[in-house]
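Colleague: Sequence and predicted structure, then a few things I'm wondering about:
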Amino acid sequence: MIRYIYAADLPRHAELAADMFRDRTVQFRDRMGWEVQVDPLGWETDSYDGMDPLYVVAEDARGAHAGSMRFLPTTGPHMLADVFPHLVEGGPLRSGRIWECTRFCLAPDAAPGVARELLLGASELGLGFGLTHALGVFDAKMTRVYRRLGWEPELLSRPRDGIAAGLWTFDAELHDALCAATGITARISRGWFEDAFGDLPLPVGLSSGA
């Protein structure tokens with residue numbers, strides 16, 4: 001299932017949070033070789049985790065972390081504006097309807113399909129909050145992966161030093177396609193969102209599913 005958890009609420013999900021930050025260490029430091037901050041607990045965190053971001057977390061059958069990503073509004077501090085401004089010509093994008101997504105992470109033992117489930121969770125978040133786009137900074141090699149998963153970003157400029165910036169468009173038709181690809185109905189996906197945020201109106205044009 002998908003959970004939506006603000007950083008301020010992570011203490012209520014202590015084991016899940018610990019799994020997430022340790023899996024981020026495995027992915028970003030150990031496997032990808034990034035220079036990241038890892039604390040004595042083995043958690044990979046940065047300053048943006050201290051800004052009460054919203055995490056989209058996929059749980060496995062045991063309730064453990066299977067994958068996650070982090071969202072912050074672009075109206076405040078965010079990675080593309082602060083760390084990688086050179087990736088966007090004309091200056092950073094700032095809009096109440098565009099949120100930045102970073103730290104896309106899969107657990108080492110994640111089951112096939114978790115990546116698509118995370119994309120579905122991101123799509124549900126965007127549609128539920130009335131956003132137009134997600135903004136991301138990512139390893140340029142991931143462009144092919146996102147294409148294969150069925151939701152490819154629009155690149156904002158040519159990648160530099162292997163890092164790219166892109167925009168994902170939130171779209172009801174694409175959301176239904178992600179539901180079909182994951183085997184998760186729109187009703188179930190919406191239910192996970194409502195568990196976190198309440199019963200918001202279903203966006204116009206989005207199938208309710210069965």
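Modeller: Nice, thanks for sending it over. Residues are numbered from 1 along each chain as shown.
Colleague: all strands of this protein, in order?
Modeller: Under the criterion DSSP state E, the chain contains strands at 2-6, 54-59, 65-73, 98-106, 133-139, 154-155, 163-169.
Colleague: CSV for the ones you listed, including mean neighbour count and distance to Leu118?
Modeller: Heads up, the C-betas are built off the backbone N, CA and C, glycines and all. Formatted as CSV, the strands of the chain follow (neighbours: other CB atoms under 10 Å; distance: least, CB to CB, whole Å):
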stretch, mean neighbour count, distance to Leu118
strand 2-6, 19, 8
strand 54-59, 23, 5
strand 65-73, 24, 5
strand 98-106, 23, 7
strand 133-139, 21, 12
strand 154-155, 12, 19
strand 163-169, 20, 12
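Colleague: which stretches of this protein form helices?
Modeller: 14-24, 79-82, 114-128, 142-149, 172-182, 186-197 (DSSP state H).
Colleague: buried residues in the first one?
Modeller: What it means is helix 14-24. Of the residues in helix 14-24, 16-24 count as buried by neighbour count, 16 or more other CB atoms under 10 Å.
Colleague: do the second one as well
Modeller: The neighbour-count check on helix 79-82 (16+ other CB under 10 Å) flags 79-81 as buried.
Colleague: What helices and strands are in contact with it?
Modeller: Here helix 79-82 touches strand 98-106, strand 133-139, going by 3 or more CB pairs under 8 Å, 6 or more residues apart in numbering; DSSP states H and E.
Colleague: And for the last one, what's in contact with it?
Modeller: It stands for strand 133-139. By CB atoms under 8 Å, 6 or more residues apart in numbering, the surrounding residues in contact with strand 133-139 are 32, 71, 74, 78-80, 83-84, 87, 93, 97-102, 104, 122, 126, 153, 162-170.
Colleague: ditto for the longest one
Modeller: Contacts of strand 98-106 from elsewhere in the structure, counted by CB under 8 Å, 6+ apart, are 20, 23-24, 27-28, 48, 66-74, 78-80, 114-115, 118, 122, 125-126, 129, 131-138, 142, 167-168.
Colleague: Geometrically speaking, which residue is the centre of this protein?
Modeller: Centroid-nearest residue in the chain, with CA atoms, centre = their mean: Met69, separated by 3.3 Å.
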